[in-house]
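Asks: the following block contains a protein sequence and its predicted model.
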Amino acid sequence: MNATPASAQAATEAEQDVLFRVVNRVAIVTLNRPAALNALSHAMVRELAVLLERVRTDERIVALVLEGAGPKGFCAGGDVRAIYRLACEKAREGANGWQQFFVDEYRLDYALHTFSKPLVALLDGVTMGGGMGLGQAAALRVATSRTKIAMPETRIGLLPDVGATHFLAKMPVEMALYVGLTGAMLSGADALHCGLADACVPGEWLDGYEARLLAAQWSGDVHASLREVFIAPCHEANDGALASFTPLIVRHFDRRLRVEQIVASLRADLESEHAQAERAWLEATLEALTHYSPTMLEVTREALLRGRQMTLAECFRMELGIVGRAIEEGDFCEGVRAHLVGKDRKPRWAPATLVEVRTERVQHFLASPWRGEAHPLADLGQ
């Protein structure tokens, strides 16, 4: 029996990892790998770059919306398992090597950060890693009651990348260090509280946004009209759980402390009397800082502090160098093996403890592998 045109279109869309449509002069780009929480493949990154240029040059299009397919996530990040396979095969160079994936991803994120038309990101559901790289570039970042935001890279031997050293720098330094080092999971309300979202709305409010988009008028302020479409009149205004732990975060994540000193501070505090919620926070934070890659925890701390004095382009160049070293000579492959491939949850970090991480080793990771114009991102910001 022949498929109807509608069913044929649905079947075609199901096979496409990136969908594109225009609704009332607004381009809507949908990441369409719901079974993988819309994780980014290299092909998706390339296609997104092409679509972004199409939107930029089409005078009929007034704005761009980024969303994820399915109810569970905007984007869970880059396809880490694919990067791991390439790294195991020593496939760094070439158009399909792992280095080019990151170069292309950074170029896409930079184009989004510098995009000339209003950009909306619907951070609904899981939004991690590479998903944050896309979403944090938007002028209007809409979180929801279903949002789960995190930058959990230190858990797998990497650092919070795709611009995290730039966008976390907009927070108070203690909060940036806490979020970046621990990979803490943040709700939509938490994201709003610490500046990673511009609004937090009920998840159901976004389910019907297209009808409101169809009725929108673009004769005046496009940004204001987009806010009416995407921000509910009754948007969620509570501060979330993170706000209640801010005093503890400020106390323990002092920028002057190395990570091993933060750990000592947390352990000492656990000797004191605490309410149940505070004790649970202390224990969870200590668990992260004593089980994630010691090297990348110290490297991440230093990178986050440096990023506060850098431009976006400089942050991207610094991060790309660190990512390369982490994959080629650091803990990344072991972290992915332990947590995502073998799943024994017992990574063999090298070195195994924070006290063994030497300052020279940290500086090595932060030193660029390229000189000047040889850097693959040398032209960004010029």
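Replies: On my side now, so go ahead. Treat the numbers as computed from the prediction; the structure is a model and nothing was measured.

Asks: dihedrals phi and psi, residue 28?
Replies: Dihedral pair for residue 28: phi -120, psi 120, per degrees, to the nearest 10.

Asks: so which residues of the stretch 151-300 of the chain form helices?
Replies: Assigned by DSSP state H, counting those that start in this stretch, the helices in the stretch 151-300 of the chain fall at 164-167, 173-182, 188-193, 203-207, 209-215, 222-230, 246-252, 259-270, 276-291, 294-307.

Asks: what about this structure, any weak spots by pLDDT?
Replies: Along the chain, segments meeting pLDDT under 70 span 1-14, 235-237.

Asks: residue boundaries of the strands in it?
Replies: Counting by DSSP state E, the chain has strands at residues 18-23, 26-31, 63-68, 73-75, 119-123, 126-128, 140-144, 148-150, 186-187, 199-201.

Asks: elements contacting the longest helix seen in the chain?
Replies: Longest helix in the chain by number of residues, with DSSP state H as the criterion: helix 312-329. Contacts defined by 3 or more CB pairs under 8 Å, 6 or more residues apart in numbering; DSSP states H and E place helix 312-329 against helix 80-88, helix 98-113, helix 164-167, helix 294-307, helix 359-366. (Each C-beta comes from the backbone N, C-alpha and C, glycine too.)

Asks: tell me which of these sits nearest to residue 328.
Replies: Comparison of these against residue 328 by CB to CB identifies helix 80-88 as nearest, at 7.7 Å.

Asks: one step back: now the helices of the stretch 151-300 of the chain in a markdown table, with distance to residue 70?
Replies: Shown next, in a markdown table, are the helices of the stretch 151-300 of the chain (distance: least, CB to CB, whole Å):
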| stretch | distance to residue 70 |
| --- | --- |
| helix 164-167 | 25 |
| helix 173-182 | 26 |
| helix 188-193 | 17 |
| helix 203-207 | 12 |
| helix 209-215 | 16 |
| helix 222-230 | 19 |
| helix 246-252 | 33 |
| helix 259-270 | 36 |
| helix 276-291 | 28 |
| helix 294-307 | 30 |
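
Asks: among those helices, which comes closest to residue 382?
Replies: Nearest to residue 382, of all the helices of the stretch 151-300 of the chain, is helix 164-167, at 17.1 Å by CB to CB.

Asks: which strands or helices does that closest one pack on?
Replies: Helices and strands touching helix 164-167, by 3+ CB pairs under 8 Å, 6+ apart, are helix 130-135, helix 294-307, helix 312-329.

Asks: at 10 Å what do you get?
Replies: Counting contacts by 3 or more CB pairs under 10 Å, 6 or more residues apart in numbering; DSSP states H and E, helix 164-167 is packed against helix 98-113, helix 130-135, helix 173-182, helix 294-307, helix 312-329.

Asks: which residues does that helix contact?
Replies: Counting by CB atoms under 10 Å, 6 or more residues apart in numbering, helix 164-167 makes contact with 109, 113, 129, 132-133, 135-137, 141, 151, 153, 159-160, 176, 179-180, 195-196, 300, 302-308, 310-316, 318-319, 322, all of which sit outside it.

Asks: lovely, talk soon.
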